[in-house]
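Visitor: after the sequence you'll find the predicted model.
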Amino acid sequence: MHVSFSSSKIKKFINQQREKYILYKKMVLMVNESIITVKNLSKKFNGLTAVDNISFEVKKGEIFAFLGPNGAGKTTTIKMLTTLLHPTAGEIKINGYDPVNEQKDARKSFGIVFQDQSLDEDLTAYENMDFHGVFYNVPKDLRKKRIDYLLNFVGLQERKDDFVKNFSGGMKRRLEIARGLIHHPKILFLDEPTIGLDPQTRNHMWQYIKDLNKKEGMTVFFTTHYMEEAEKIADTIAVIDKGRIIKKETPQALKRLTNTRSLEEAFLKLTGKSIRDEKSSSIDNLRMNRKIWRR
Amino acid sequence: MGVIYVMWSRQLKKYWRSRARMIGALGQPLLFLLALGFGFGPIFEKAGGGSYIQFLAPGIIAMSILFTAMFTGIEVIWDRQFGFLKETLVAPVSRSKIMIGRTLGGASVAVIQGFVVFLISLFVGFKPESLINIPLAILFMFFIALLFTALGTAIASRLKDMQAFPLIINFLIMPVFFLSGALFPLNDLPRAIEIVTRLNPLTYGVDGLRNTLTGASHVNLFVDFTVIITVTLFIGIIGSYLFSKIEI
Ligand SMILES: Nc1ncnc2c1ncn2[C@@H]1O[C@H](COP(=O)(O)OP(=O)(O)OP(=O)(O)O)[C@@H](O)[C@H]1O
Ligand SMILES: [Mg+2]
């Protein structure tokens, strides 16, 4: 039997297929789109190179862990990503914006829980939360709802009208985490969020954050010194040492590449076993000062 | 608007919660009022200056505003050391709004402090000329407060060191206070001192305050207003700029 194809039909068919292909490609790209791009980033503090020419990307919707020994440059990198420090050299794009020249748009894109304390101790827990909500433009009703929920979530509901200066270290930490979750940013930075928290609270908190990551596609960028935590939570891990990124892989790949069974072993293999000289960093100084200055 | 309000109310809350500090800060103006008022009073009157308390009270009110306002700048350093400054600096609001809120808050506190000194001065024998002008006097207090809160905050934006701040502030406050006409009339001064007093913005604040409270004046009210507002705007803009450049 003879079937004839008109050339126009064939053309149409090919065009349709091409369009489908483009659409498909776009979807794949979208999934793989990076939300943080860092190119040749460096930071020097009068002579000391804290971050040394690093480049990396974080994909949209990814949970990204930044691991490294004390003084590796993790916090310094986060400060540059979050507009608090200007880079000595290099380029950053965060949600498409440059944190140096497009500060406000960059700031609209993220939320952050700092490594060192950032609460106003003369205010109550609730006031600290409410301030944050106002700063991040969370509408009043939603604000109240989320604050109540989160204070409950971290077990501080009963202490909400106490001054923060009367809280224990762990309670302050919980409050900071709760505060960081009042608004739902595109990117959430967590700099050693679980430091000083009991295991129950830690698990609880990570569960909540993973949920947000799944439901709202929130990208999470965190640092920790608990390796099991990173192994369990992170999609991708970057290992940084002395200001340089030495590996960026999935947890499984890191173990495979270093021929080790746990992430802790892999980490030690990559960064060596020697203890970092803990030159007192500015943060330590601040901690000292706060002790001296708190009446 | 939300941010400005929140920063303003934060400062008032903190002020109200540390009433001990507020009462302590009244000691100095009270001492000045009593010691100078009664100490120099007789000489001043003999020299034909009229009642010294009447002359002095507006100057001491201005002084307490000047001190309170300048020292609220230390809260920026305080916030930096205790970490709260970071929280405000990464928020997606313009830093000028944060600065405006802080300045308004600090200025309001300074005005309250100044008003309390005003009330105290009534007990020491100060008699305002008319009550109608009191709102205008309060407005003047507010402008003096704004100016020096903005200055203190601007200086604090550049400092990391808690100890350095009082040194620098005292270094500035003393000449500003002594050469403003707060303690003595500005008539018949040596030329050099006269020029310095003319360049001192507090001179216009004290003059405006004295004018609205007692009717006596060296400059005129319109000039006082214009100078104070211009200098405040100028310092406010510089302060906002410095504040927006803070790195942590
Ligand atoms: N403001 C600063 N001035 C001078 N040096 C600094 C400053 N901030 C950080 N550094 C130095 O930069 C280096 C990297 O510090 P950073 O805080 O980024 O380390 P980190 O990886 O976060 O360490 P940790 O795990 O202890 O938190 C350190 O040597 C530190 O002393
Ligand atoms: Mg750190």
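Guide: In hand now; what should we look at? Ligands and ions are numbered 1, 2, ... in the order given.
Visitor: C-alpha from now on. contacts and neighbour counts both.
Guide: Fine.
Visitor: ok, the residue nearest the centre of chain A - contacts?
Guide: For chain A, the residue nearest the mean C-alpha position is A:Phe221 (2.1 Å; CA atoms, centre = their mean). The contact partners of A:Phe221, by CA atoms under 8 Å, 6 or more residues apart in numbering or on different chains, come to A:Ile63, A:Phe64, A:Ala65, A:Phe66, A:Ile187, A:Leu188, A:Phe189, A:Leu190.
Visitor: check A:Ile195 too.
Guide: By CA under 8 Å, 6+ apart, A:Ile195 lies in contact with A:Arg173, A:Thr224.
Visitor: give me phi/psi at B:Asp161?
Guide: Per-residue torsions, B:Asp161: phi -110, psi 120 (degrees, to the nearest 10).
Visitor: can you tell me the closest non-neighbouring residue to it?
Guide: B:Ile77 (7.1 Å; CA to CA, 6 or more residues apart in numbering or on different chains).
Visitor: which element follows the strand or helix carrying B:Pro135 toward the C-terminus?
Guide: Following DSSP states H and E, one finds B:Pro135 within helix B:134-157. Once the chain leaves helix B:134-157, the next helix or strand it forms, by DSSP H and E, is helix B:164-178.
Visitor: the longest helix seen in chain B near chain A anywhere?
Guide: When chain B is parsed with DSSP state H, its longest helix is helix B:95-124. No. Under the criterion of CA under 8 Å from any CA of the partner chain, chain A is not reached by helix B:95-124; the shortest gap measures 9.5 Å.
Visitor: by contact count, what packs against that helix?
Guide: Helix B:95-124 is packed against helix B:2-17, helix B:27-31, helix B:52-72, helix B:134-157, helix B:221-244, with contacts defined by 3 or more CA pairs under 8 Å, 6 or more residues apart in numbering or on different chains; DSSP states H and E.
Visitor: ok, 7 Å please
Guide: If contacts are counted by 3 or more CA pairs under 7 Å, 6 or more residues apart in numbering or on different chains; DSSP states H and E, helix B:95-124 sits against helix B:2-17, helix B:52-72, helix B:134-157, helix B:221-244.
Visitor: close to chain A: what parts of chain B are there?
Guide: By the rule CA under 7 Å from any CA of the partner chain, the part of chain B lying against chain A is B:2-3, B:6, B:14, B:81-84, B:86-87, B:90-93, B:247-248.
Visitor: on that earlier part again, in contact with the residue nearest to B:Asp161: list those residues for me.
Guide: B:Ile77 is in contact with B:Ala156, B:Lys160, B:Met162, counting by CA atoms under 7 Å, 6 or more residues apart in numbering or on different chains.
Visitor: now the angle from the host helix or strand of it to helix B:52-72?
Guide: Element membership of B:Ile77 [criterion: DSSP H and E] is helix B:74-82. Put simply, helix B:74-82 runs at 20 degrees to helix B:52-72, going by axes from the mean of the first three to the mean of the last three CA atoms, to 10 degrees.
Visitor: circling back to that earlier point, mind putting the helices and strands packed on helix B:95-124 into a markdown table with mean neighbour count and mean pLDDT?
Guide: Converted to a markdown table, those look like this (neighbours: other CA atoms under 10 Å in any protein chain shown; pLDDT from 0 to 100):
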| stretch | mean neighbour count | mean pLDDT |
| --- | --- | --- |
| helix B:2-17 | 18 | 93 |
| helix B:52-72 | 27 | 94 |
| helix B:134-157 | 24 | 95 |
| helix B:221-244 | 18 | 94 |
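Visitor: wait, what's in contact with B:Phe142?
Guide: Here B:Phe142 is in contact with B:Ala107, B:Val111 (criterion: CA under 7 Å, 6+ apart).
Visitor: try 6 Å this time
Guide: Each residue near B:Phe142 by CA atoms under 6 Å, 6 or more residues apart in numbering or on different chains is listed here: B:Val111.
Visitor: what about it, distance to chain A?
Guide: Going from B:Phe142 to chain A by CA to the nearest CA, to the nearest Å gives 25 Å.
Visitor: over to B:Arg102?
Guide: 14 Å.
Visitor: residue 196: neighbour count?
Guide: You didn't say which chain, so I picked chain A. The number of residues packed near A:Gly196 is 14, by other CA atoms under 10 Å in any protein chain shown.
Visitor: think we crossed wires, I meant chain B
Guide: Residues near B:Val196, counting by other CA under 10 Å: 15.
Visitor: before we move on, back to that, name the element the residue nearest to the centre of chain A belongs to?
Guide: strand A:219-223.
Visitor: what are the pairing partners of that strand, and which direction each?
Guide: Paired strands of strand A:219-223, with direction, are strand A:63-67 (parallel), strand A:187-191 (parallel) (DSSP bridges).
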